[in-house]
Each structure stands twice: as structure tokens, then as C-alpha cells.
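*Asks:* whatever this is, show me its structure:
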Amino acid sequence: MTGSVLIVGASGIVGSAAAERFSAEGWEVAGLARKPVAQDGVTPVSADLQDPASLERALSGLTPSHVVLATWMRRDTEAEMIRVNGAMVENLLAALRPAGSLRHVALVTGLKHYLGPFEAYGKGAVPQTPFREEQGRLDVENFYYAQEDAVFSAAVRDGFAWSVHRPHTIIGKAVGNAMNMGTTLAAYATLCRETGRPFRFPGSGMQWNGLTDMTDARLLARHLLWASTRARAANEDFNVVDGDVFRWSWMWGRIAEWFGIAAEPFDGTVRPLETQMAEDGPVWAEIAARHGLAEPDLAKLASPWHTDADLGRPIEVVTDMSKSRRFGFLDYQPTDDAFFDLFARLRADRLIP
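*Replies:* Presented below is the predicted three-dimensional model:
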């Protein structure tokens, strides 16, 4: 089955991977972003999700059968996140309504569905891991819930099917993305190698010793395509992870080995990357000049605050994929290979030396 798909957030980690996957499978792909980037097989659409008039103009003449919603906007409080992100989904689906072409909307959220919003991330009472879809919502405000409710309401109104996809931390390539652990760790490892600084794990003892999992953007893209084209997956929510589990006490050494450096033994001290990398902008610019890198601005590559939020959690986070397996999605991705593939791509694109 093929059709026409509108990827919303096409310049991000998830959106760009989804656009690549749908295009490779023969779909007609349009990629919406405020500042679209060139992608093979993707028609760029420039629009502001906060501006209904902008959306109406940009989407005029488009008749997508499917939508992938893979974008969000950060604000200072969860209340403001709810207002802005809920409205963006509502605006988009309202702008698409006149065409009457939609058959399926896939919404990408994440594990904050179970962990709570940034203001209370991993604090207080959270469901027992591994997280399962039937655990439902926490009794707290959460912009993911607002996004879901906007999709659910429009689906009832306009008669399309939906799916919700909840990845863990995503490994993938997108410059300027706010949630980008893989590229952040690549930049940090490069800084350590080039300056002789120790490659120290920045997070908590729980994350160092506990089990965790992650999500390769390419696997998530395949999951989005699968759910969008399977009747059994319609109107369902799904966790989406690679299918393996690991401990950072093992993975940290694997990453260090790829970069040809030694991993500093973890002594139990939390050393946030946001602090470690705070003054590294000029250092990175010098490294970029010396190696002829394509991006001299470290702030466009690294998102230390978000990596710190994941690696500093005081709880073990493991995600159950049984629902997808029962419904027929059997894909698997070793997470260390996901990191290595990303690092190799960053090097090939001259983003790291």
C-alpha cells in the first residue's frame, strides 16, 4: 500500500527518518517545517503551525492520505507547553479538513507519557517498569496528552484513523534538534579526544548500573509506516524501542572505543554535560576550523540539557514492546550499532572529525 503522506516536523530526527522511509517505499512525500531542508524525494512545505493562515496557504492543494506528526515546541512551563503544542495539532488538522483526504494520522510522543513532564521528570510516583501501554496516563498535566486529545477529537470529527507512537530516547541525525543524545555524545567524545579531557559519564549511578533501552529513528520510521498501513494497528497506542536492553556501564565503553579514547571509570559523581560543555563553544569552533567541519556552532549539534535529563534519572527505565509484537511488528535494532551508524554518518557528513 502506498499513498501520499505529509510529514510534520520533516527537518527533525524523527521526521527526516520517516520521510526517507516513506519515500523509499514509493510514497508521495511532503515535508512540513518552518524552515524546510532539502531531502531527496520530499516536497518541501514551509508553514508555521501556530499560524492558521500560514497553514491554510501552505496546504492549499495538498491532499495527503496520511500524516505523521513528529514535532513539538518547548516552552518554560508545562501549562504553556500544553497550550502551544495542543493548538499546533488542532491548527494543522483543521487546515487539512477541507480536503477530506485524510485516512490516518500517526502522532509521535514519547516516554514522558509515563514519566511525567520536564517539570516533574522522573520524580514522584511513576508506573512500574517496563512501561506498558495499558498503564495509561499519569494524573498530571502533560502536553503529550493535549496532543493526543487534539488528534482524537479531530479523528471523531473527520473520520480518520490514528496511531500514537512512544519512543524512548531517539538515536538519529538532525542538526539543530533539541533532543539529540547521539550527536551530543559524539560532540562530547570528540571534545575529550581533541583536548585530552577524561571521557566521563555525566549521569546518575542508577542510569550507569540499571537497565535501559533506546529507539533508533530508522526503526521508529518503519514502525510509523507499519502502523499507518495496517488495519489492526488503527486507533492504537504503541511503545517503540529497539528491542534490546543495556547498561550504560557497558555502552559507555563501547562509545569510547569507537572514538579511540578511554572511558573514565565512573565514581558515582553526577557531572552534567550542560556544565562540562558550557564553555566549549570556542573550543569546538577551533576543532571545526582545524578539521574542516561543516558546522562550527556547537549549540547546533549538542543538546546537553536533554541528555542530562535522560542520563541523570534516578529510576530505571525499560519499555515493553509486546503489543507491537503481538500485532505483527517484529523489527529489531541493536542499540550500539545504532550509535555507531550515526557516528559514521556524522563523520561522513563532516560534522565530527
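*Asks:* can you check the pLDDT for residue 353?
*Replies:* Looking at residue 353, its pLDDT is 97.
*Asks:* surely it is in contact with residue 190?
*Replies:* Yes: counting by Cβ atoms under 8 Å, residue 353 touches residue 190, with 6.5 Å between them. Just so you know, the C-beta spots here come from the backbone N, C-alpha and C atoms, and that holds for glycine as well.
*Asks:* what about the helices in the stretch 251-353 of the chain?
*Replies:* Secondary structure of the stretch 251-353 of the chain, counting by DSSP state H, counting those that start in this stretch: helices at 273-276, 281-291, 304-311, 322-327, 335-348.
*Asks:* now the third one: buried residues?
*Replies:* Of the residues in helix 304-311, 304, 306-311 count as buried by neighbour count, 16 or more other Cβ atoms under 10 Å.
*Asks:* which two among those are spaced furthest apart?
*Replies:* Pairwise distances among the buried residues of helix 304-311 were taken by Cβ to Cβ; the largest, 10.9 Å, belongs to 304 and 310.
*Asks:* considering the helices of the stretch 251-353 of the chain, which stretch scores lowest in mean pLDDT?
*Replies:* Mean pLDDT, when computed for each of the helices of the stretch 251-353 of the chain, is lowest for helix 304-311, at a mean of 92.
*Asks:* for the stretch 201-350 of the chain, what spans make up the strands?
*Replies:* 211-212, 215-216, 236-240, 246-247 (DSSP state E, counting those that start in this stretch).
*Asks:* will you turn the ones you listed into JSON lines that also has mean neighbour count, mean pLDDT and distance to residue 68?
*Replies:* As requested, those are exported to JSON lines (neighbours: other Cβ atoms under 10 Å; pLDDT from 0 to 100; distance: least, Cβ to Cβ, whole Å):
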{"stretch": "strand 211-212", "mean neighbour count": "18", "mean pLDDT": "96", "distance to residue 68": "26"}
{"stretch": "strand 215-216", "mean neighbour count": "28", "mean pLDDT": "98", "distance to residue 68": "15"}
{"stretch": "strand 236-240", "mean neighbour count": "22", "mean pLDDT": "98", "distance to residue 68": "13"}
{"stretch": "strand 246-247", "mean neighbour count": "15", "mean pLDDT": "97", "distance to residue 68": "28"}
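*Asks:* in TSV: the ones you listed, plus distance to residue 65.
*Replies:* Listed next are these as TSV, based on distance: least, Cβ to Cβ, whole Å:
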stretch	distance to residue 65
strand 211-212	36
strand 215-216	26
strand 236-240	19
strand 246-247	38
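*Asks:* what about those strands, which gets the closest to residue 106?
*Replies:* With distances scored as Cβ to Cβ, the stretch of these nearest to residue 106 is strand 236-240 (9.7 Å).
*Asks:* contacts for the closest one next, please.
*Replies:* With contacts defined as Cβ atoms under 8 Å, 6 or more residues apart in numbering, strand 236-240 is touched by 111, 131-133, 163-167, 215, 219-220, 223, 227, 319-321, 323-324, 327, 329.
*Asks:* likewise stretch 78-96?
*Replies:* For stretch 78-96, the external contacting residues (Cβ under 8 Å, 6+ apart) are 6, 8, 49-52, 55-56, 59, 62, 64, 67, 69, 71-75, 102, 105, 107, 117-119, 141-143, 145-147, 149-151, 154, 158.
*Asks:* got the contact list for residue 188?
*Replies:* Here residue 188 is in contact with 199, 273, 276-277, 302, 304 (Cβ under 8 Å, 6+ apart).
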